[in-house]
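[1] for reference, the sequence and a predicted model appear below.
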Amino acid sequence: MELIKKVFTPVSATHLKYLSGMLALVLWLGIPLYAQKPLKVGLALSGGGARGIAHIGVIMALEENNIPIDLIAGTSMGSIVGGLYACGFSGHEMRDIVHQLDWNSIFNQEPDPKRVLVSKRYGMLEPLLRLRFKFWDIYLPFGLNNGQRISEELFALTAEANFAAQNNFDSLVVPLRVTAVDIATAELLALGRGELSQAIHASMSIPLVFAPARVDDRMLVDGGVLDMLPTDIAKQMGADIIIASDLEDLFPLGKEPKHFADVASHTLDITIRELKKKNLKLADVLIEPDLGNHRSSDYSKLDSLIQAGYEAAMAKMVEIKKMVPADYRSGSKGKRKLDRGLLNHARIEWIQVKGRDRVRLSVIAGEFPLKKGDRFDKVKALNGVKNIYATGLFENVWLELKALSKESVGVTIHVIEKYPRTIGFGLNYRSEEGLSGFVQIVHFNFLGWGERFMPLVRFGDWHNRVGIEVINDRFFATPLVVHNGIYYERDRPIVYAKGGRQLSHLETERAVAQFSAGIQPNHYLLFTAGLRRERVWLEQNPVLRLTNQTSDYWGVYAKMVFDNTNDRYFPTSGIRLILDAVSVSGLQSSVGETFAKFCGRFNANLTVLKRHTLGLDLMAAGSADDLPVYENFRLGGPDDLAAFHREERWGKFAWYVRLNYRYRLGKRWYLNTAGSVGQVAQNALRLDVPLRTALVGVAADTPVGPFRIGYGWNNEAREQLYFSFGYAF
């Protein structure tokens, strides 16, 4: 009271008594005496999958009207949009980001083909079904997708801001919390520190769809399991006014389910609706964009989603402005600034690996380009993550950056190893050839270097094989590759007369033992050479005028592969070059027992205007020696010379040039056209009388492999229909 008396000395005692009473009332109401408490506007963003893109439109409307956002709480897709905004991205910048993302590939858990070692790409068969074993029990994954590529994209977008904030989400441009649920304890977490990209990854890990994300040794799933609209988290963060954007697509009350899927969906929606009731009451302004029947898994029509969010927020703007005073909307407060350039100037103080069990440390270190003492480089770091994941030894790989100061950073490479025993079952169909299949056991990494022990049984009408291969793609974590194998195979290709009339099957059997070694200086280049010992049995065939023959060979072979294409079956970019040479010496002196031959294949691809892909294929092969009939080169079919039977033309010399055009009709469907010129000859590499062929067809990239149907015709007035499905092997 002494201070009050001093300030108001001229007033009477009556006035002083009155003022004292007013002061007591102010203190009782909790109103600050000297300054008003700063107003805090919180934004709560729900989940909703692809529908969550509409949150961007909501933020754009708030920005346009100078509505300040002082804190954000996000769940699932809301954590992604909220996290990007908290990192300093504006609504317009986020709109550009979602348009630049390749949504077809971001949910693909297969590694980038260009980062898989060539020896692995060409050394493993692609199964229709692969079973993985944990010891002797079948291992079932925690989700349909491991979220690897999403994790990589999130790191690329958030790493600089999170480092500048020193791993504290309160120090981002806008304070942030993302929700996640500990699947072991059922605890709802509001994550506010640590690796931001991994926290967001956890928040959007929808159970069964995505595997749980690991944060601080916890297995976390989508926060929407317990908190679909995190207004309660915004309130805990100190929000005075909460603007909530709710995009969850729940079934209308009163609508009866029509089938099993509806019952399951409605049951889940009932739970979500009950969990949301109390949180909806905490929202001062509720924005509910009208997204119609847009599915949560549909990442098309992004602009319409953003526009719907914008329009819904604008419809609530009068209500929002009534709650947020005009002087607070003036923008005088401003946003916190972050120096995103700090990270790429920080020195790496240490690099550690967590989660490693059998894989040797040198295998991981050899794929990560940064070392202790280097300046951190985000692009190189991400390339390292992708390289490590592409080894095929890990379920997930991600980085955690520890901000030690503004000038130094610690790097933790987190890995989750795969269980090393698998059985793959393959099946495909080719018109004329029929059904083929295989069973392949792969036991990898049994010594810790990533080596593969692979027994195989392959069966079909044309080709059968039983064998074992042992391959080490990075011998003792060096660029060396070693390949050993022993196998028995039986071939029954069809021999055709002129005009395509079938004569008979040429039946041969081989027993082969081989050893090769080579070098892979990078992921797309391989040089290898080796020795092969084989015995070949040629069966008697009166139609082809062949008698029973047995031949024993020693062979020397060499191979060079350059392949930086981005897909094996539907490449849109890159070059593939394969050169093969073999020299064989028979253990018996007779015609065809000693020979050499060479084959080169080239493929290039270029995509323009996103949907149009142009391709060029070249092939040339030949031998100066007399070849055994089963060693002749073979052409014919939809992949080289259309309108001929598969492998119809045989000879010592072969070549073709093929131009391809592919148009992407939809997400996975394509229209194909191709034109070829080429020839197969017995006596010389003839260029003067080429065969001319054309092909038109459709193809689809399906979960069980490519599906193709094509129709071909050639200058011999022949036509042929082709059909195939499944991976090639």
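    The structure has been received and is ready for your questions. Predicted model only: the values in this text are computed from it and were never measured. Numbering: from 1, shown residues only.
[2] and this structure, what are its domains?
    For the chain, the TED database gives the domain ranges 45-109+146-325, 342-417, 431-660+675-688.
[3] so how far is the longest one off the chain centroid?
    Read that as domain 45-109+146-325. 22 Å (C-alpha atoms, centre = their mean, to the nearest Å).
[4] go on, the second one?
    Domain 342-417 has its average C-alpha position 19 Å from the chain's average C-alpha position, going by C-alpha atoms, centre = their mean.
[5] now do stretch 711-720
    Worked out by C-alpha atoms, centre = their mean, stretch 711-720 lies 40 Å from the chain centre.
[6] quick check: end-to-end length of that stretch?
    The straight-line separation of the ends of stretch 711-720 (C-alpha to C-alpha, to the nearest Å) is 6 Å.
[7] again with stretch 630-638
    22 Å.
[8] what mean pLDDT does that stretch have?
    Across stretch 630-638, the average pLDDT comes to 96.
[9] if we can go back for a sec, take the domains of the chain and write them to CSV, including distance to residue 705 and mean neighbour count.
    No exception for glycine: its C-beta is placed from N, CA and C like everyone else's. Formatted as CSV, the domains of the chain follow (distance: least, C-beta to C-beta, whole Å; neighbours: other C-beta atoms under 10 Å):
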stretch, distance to residue 705, mean neighbour count
domain 45-109+146-325, 15, 20
domain 342-417, 19, 18
domain 431-660+675-688, 8, 17
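[10] dump the ones you listed to a markdown table, plus distance to residue 702.
    Below are these laid out as a markdown table (distance: least, C-beta to C-beta, whole Å):
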| stretch | distance to residue 702 |
| --- | --- |
| domain 45-109+146-325 | 14 |
| domain 342-417 | 22 |
| domain 431-660+675-688 | 10 |
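[11] out of those domains, which is closest to residue 118?
    Of all these, domain 431-660+675-688 sits nearest to residue 118, with 4.1 Å by C-beta to C-beta.
[12] what is the end-to-end distance of the closest one?
    31 Å.
[13] any idea which residue sits dead centre in this protein?
    Computing the C-alpha centroid of the chain and ranking residues by C-alpha atoms, centre = their mean puts residue 108 first, at 3.5 Å.
[14] could you check how far it is from residue 367?
    Distance of residue 108 to residue 367, computed by C-beta to C-beta, to the nearest Å: 20 Å.
[15] can you check residue 620 too?
    Distance from residue 620 to residue 367, by C-beta to C-beta: 36 Å.
[16] next: residue 403.
    25 Å.
[17] where do the strands sit along the stretch 551-700 of the chain?
    574-586, 595-608, 612-622, 633-635, 649-651, 653-664, 669-681, 691-702 (DSSP state E, counting those that start in this stretch).
[18] mind putting those into JSON lines with distance to residue 346?
    Converted to JSON lines, the strands of the stretch 551-700 of the chain look like this (distance: least, C-beta to C-beta, whole Å):
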{"stretch": "strand 574-586", "distance to residue 346": "34"}
{"stretch": "strand 595-608", "distance to residue 346": "37"}
{"stretch": "strand 612-622", "distance to residue 346": "41"}
{"stretch": "strand 633-635", "distance to residue 346": "57"}
{"stretch": "strand 649-651", "distance to residue 346": "62"}
{"stretch": "strand 653-664", "distance to residue 346": "42"}
{"stretch": "strand 669-681", "distance to residue 346": "45"}
{"stretch": "strand 691-702", "distance to residue 346": "41"}
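[19] who wins for proximity to residue 419 among those?
    strand 691-702 (26.9 Å).
[20] scan the helices and strands of this structure for the one with the lowest mean pLDDT.
    Least confident element among the helices and strands of the chain, by mean pLDDT, DSSP states H and E: helix 2-7 (a mean of 31).
[21] for my notes, confirm residue 299 occurs in a strand.
    No: going by DSSP: H, G, I helix; E, B strand; the rest coil, the assignment for residue 299 is coil, not a strand.
[22] can I assume it is in contact with residue 50?
    Yes: contact criterion C-beta atoms under 8 Å: residue 299 and residue 50 qualify, at 4.8 Å.
[23] intersection of neighbour lists for these two?
    Common neighbours of residue 299 and residue 50, using C-beta atoms under 8 Å, 6 or more residues apart in numbering, do not exist here.
[24] hmm, back to that, quick one, what contacts the residue nearest to the centre of the chain?
    Neighbours of residue 108 in contact, by C-beta under 8 Å, 6+ apart: residue 149.
[25] does it sit in a helix, a strand or a coil?
    Secondary structure state of residue 108, per three-state DSSP, is coil.
[26] and it, how far from residue 393?
    For residue 108, the distance to residue 393 - C-beta to C-beta - is 19 Å.
[27] secondary structure class for residue 449?
    Under three-state DSSP, residue 449 falls in the coil class.
[28] OK, contacts around it?
    By C-beta under 8 Å, 6+ apart, the contact set of residue 449 is 360, 363, 472, 474-477.
[29] change it to 7 Å
    The contact partners of residue 449, taken as C-beta atoms under 7 Å, 6 or more residues apart in numbering, are 360, 363, 472, 474, 476-477.
[30] kindly report the same for residue 52.
    So residue 52 contacts 76-78, 81, 247 (C-beta under 7 Å, 6+ apart).
[31] recalculate using a threshold of 8 Å.
    Per C-beta under 8 Å, 6+ apart, neighbours of residue 52: 45-46, 76-78, 80-81, 247.
[32] returning to what we had before: which one of the contacts of residue 449 is nearest residue 549?
    Distance to residue 549, by C-beta to C-beta, is smallest for residue 472 among the contacts of residue 449, at 36.2 Å.
[33] tell me the pLDDT of that closest one.
    Looking at residue 472, its pLDDT reads 95.
[34] for residue 20, same thing?
    For residue 20, pLDDT reads 50.
[35] quick one: low-confidence ranges for the protein?
    For the chain, residues meeting the criterion pLDDT under 70 lie at 1-37, 249-271, 330-335, 588-592.
[36] let's see 50
    Within the chain, the ranges that satisfy pLDDT under 50 run 1-19, 21-35, 332, 589-591.
[37] which strand or helix spans the nearest residue to residue 468 once chain neighbours are set aside?
    Excluding the flanking residues, the one nearest residue 468 by C-beta to C-beta, 6 or more residues apart in numbering is residue 455, at 4.9 Å. Residue 455 is part of strand 452-460 when elements are defined by DSSP states H and E.
[38] quick one: the strands in the stretch 301-450 of the chain, in order.
    Under DSSP E, counting those that start in this stretch, the stretch 301-450 of the chain gives strands at 347-354, 394-403, 408-417, 421-430, 434-444.
[39] which one of those lies nearest to residue 57?
    strand 394-403 (30.1 Å).
[40] so what are the sheet partners of the closest one and their directions?
    Strand 394-403 has the following strand partners under DSSP bridges: strand 408-417 (antiparallel).
[41] hey, C-alpha coordinates of the partner strand in CSV?
    Provided in CSV are the C-alpha atoms of strand 408-417 (Å, rounded to 0.1, in the frame of the first residue of the first chain):
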residue,chain,number,x,y,z
SER,A,408,28.6,-28.9,-33.8
VAL,A,409,26.3,-31.9,-34.3
GLY,A,410,26.3,-35.5,-33.3
VAL,A,411,24.9,-38.1,-35.7
THR,A,412,23.2,-41.3,-34.7
ILE,A,413,22.4,-43.8,-37.5
HIS,A,414,19.5,-45.9,-36.3
VAL,A,415,18.9,-49.3,-38.0
ILE,A,416,16.5,-52.2,-37.5
GLU,A,417,17.9,-55.4,-38.9
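[42] thinking again about what came up before, which of the contacts of residue 449 fall within helices?
    If you go by DSSP state H, the contacts of residue 449 have residue 363 in helices.
[43] go through the contacts of residue 449 and say which is closest to residue 522.
    After measuring those against residue 522 - C-beta to C-beta - the closest member comes out as residue 474, at 11.9 Å.
[44] so the closest one sits against residue 450, correct?
    Yes: at 5.9 Å, residue 474 and residue 450 qualify as touching, with contact defined as C-beta under 8 Å.
[45] what is in contact with the two at once?
    Between them, residue 474 and residue 450 share the contacting residues residue 363, judged by C-beta under 8 Å, 6+ apart.
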